[in-house]
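Novice: Need the 3D shape of this:
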Amino acid sequence: MSLKPEPNDEKVAIPVTFDVRGKTLQLKISKIYISLAILIVTFIAWLVIMIISASNDFRVLASIIAFLVVPTICRFGIIGEHKFRNNFERLQEHNYYYTYDLFWNIYDTQTVGEGVTAFLHTSGTVSIFVALDKDVIVGKQEFDSFDHYEAISDAYNRLAKKEMNCTHIDYMDTVGEDPRLEGLYATAEKSKSEDLKNIMLDMLDYMQWDMSGSFSSYDVYCFTAKLRPDRLFEEIQPVIQLLLQGNFIRARYLDRNDIRKLVDTVLNIPDFSVTRTCDSLFSSRRTNYLKVIWTETNNQREVVNKTRKELAEEARIANSVAEARKHNKKNRKNASNKAIDLFEDEEEPAKTSDEVNLFDD
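Specialist: Modelled structure (predicted):
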């Protein structure tokens, strides 16, 4: 049976493949289990050697391997403890706020081709964002949908052969007027029947109104690879041509401003409400890493907790008061231990060599 499907096929053959480059959570958990298994086997082997071995040198060598070499390999070679430590240190540097480069890893841009923007990542990879404008689905052939997904699968196969990654960003956005409807309006205007033309124009008007509220007329693909920016631009040209064989009209490259608009749409930033989010967050008692300083309702501010600066100042004053009390208590104790004798005779001052006794023989 051929792996390539045909129209009206009821069965699809899918080859069994393994992605050795996967970095999913399941793979990380598997590494932990593998490390635990290695440590357990090493400990058992160490116990056996300690029991049956008569050589002290061999026992010392086995102990070094079991308690120093093997744990180090598991920590840094298999689990990758240094990566987690580096990420934790970066979070500490930014006061536990995730910076944008932890997600996008973009540190610079470079222009390639005819005004195409390539994004450079700290991981050594380069990415190019491409927007593909969708075509209409009115008046298409019976197997047009099959041809569309067949073209996408051919493009994915070429990406896999070239060892390039592709991310499809699918979202719904408000686009206003859809340019694809212009051709349909022109076709409706050419109708010889006035009634049919009016019906088609009404349908298109409603379609345009409905699509302007919650429809995106293009899909975005992000192509990423460890190549030079100009080389990546050349490699994705055949891929884009394969995608255009599907239900797409044209391809556009996104620049910095387009990426900014894309992020606003994907993260729903225009509809994001700080007030509603804070009210929802602070109303729940599940938040133990945030502390509300003050809240404001109807221009009336209510202080809930004190800031770090205020708490530090209060701690400093409290420490000063405690030190002063301790010092005064010590002085009162010394004064009470000192006895005063009111009837003690004053000692005569010692004679100096300068004094002269006139009655001395």
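
Novice: export stretch 192-199 as CSV, just CAs?
Specialist: Extracted as CSV, the C-alpha positions of stretch 192-199 are listed here (Å, rounded to 0.1, in the frame of the first residue of the first chain):
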residue,chain,number,x,y,z
LYS,A,192,-27.3,39.1,-16.5
SER,A,193,-30.2,38.4,-14.1
GLU,A,194,-30.9,41.4,-11.9
ASP,A,195,-32.6,39.3,-9.2
LEU,A,196,-29.7,36.9,-9.0
LYS,A,197,-27.2,39.7,-8.9
ASN,A,198,-29.0,41.3,-6.0
ILE,A,199,-29.2,38.0,-4.1
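
Novice: ok, residues contacting that stretch?
Specialist: Contacts of stretch 192-199 with the rest of the structure, by CB atoms under 8 Å, 6 or more residues apart in numbering, involve 188-189, 191. Any C-beta I mention is one placed from the backbone N, CA and C, and that applies to glycine too.

Novice: how about stretch 312-328 as PDB, C-alpha atoms only?
Specialist: Once side chains and other backbone atoms are set aside, the C-alpha atoms of stretch 312-328 remain, and they are given as PDB (Å, rounded to 0.1, in the frame of the first residue of the first chain):
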ATOM      1  CA  ALA A 312      13.000  47.400  56.300                       C
ATOM      2  CA  GLU A 313      12.700  50.800  58.000                       C
ATOM      3  CA  GLU A 314      10.400  49.400  60.700                       C
ATOM      4  CA  ALA A 315      12.900  46.500  61.300                       C
ATOM      5  CA  ARG A 316      15.800  49.000  61.600                       C
ATOM      6  CA  ILE A 317      13.900  51.100  64.200                       C
ATOM      7  CA  ALA A 318      12.900  48.000  66.100                       C
ATOM      8  CA  ASN A 319      16.500  46.900  66.200                       C
ATOM      9  CA  SER A 320      17.700  50.300  67.400                       C
ATOM     10  CA  VAL A 321      15.100  50.400  70.200                       C
ATOM     11  CA  ALA A 322      16.000  46.900  71.300                       C
ATOM     12  CA  GLU A 323      19.700  47.800  71.400                       C
ATOM     13  CA  ALA A 324      18.900  51.000  73.400                       C
ATOM     14  CA  ARG A 325      16.900  49.000  75.900                       C
ATOM     15  CA  LYS A 326      19.600  46.400  76.300                       C
ATOM     16  CA  HIS A 327      22.200  49.200  76.900                       C
ATOM     17  CA  ASN A 328      20.000  50.900  79.500                       C
END
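
Novice: what mean pLDDT would you report for it?
Specialist: This predicted structure assigns stretch 312-328 an average pLDDT of 89.

Novice: again, but for stretch 240-257
Specialist: Taken as a whole, stretch 240-257 has an average pLDDT of 87.

Novice: Buried ones in it, by neighbour count?
Specialist: When neighbours are counted by 16 or more other CB atoms under 10 Å, the buried residues of stretch 240-257 are found to be 240, 242-244, 246-248, 251, 253-254.
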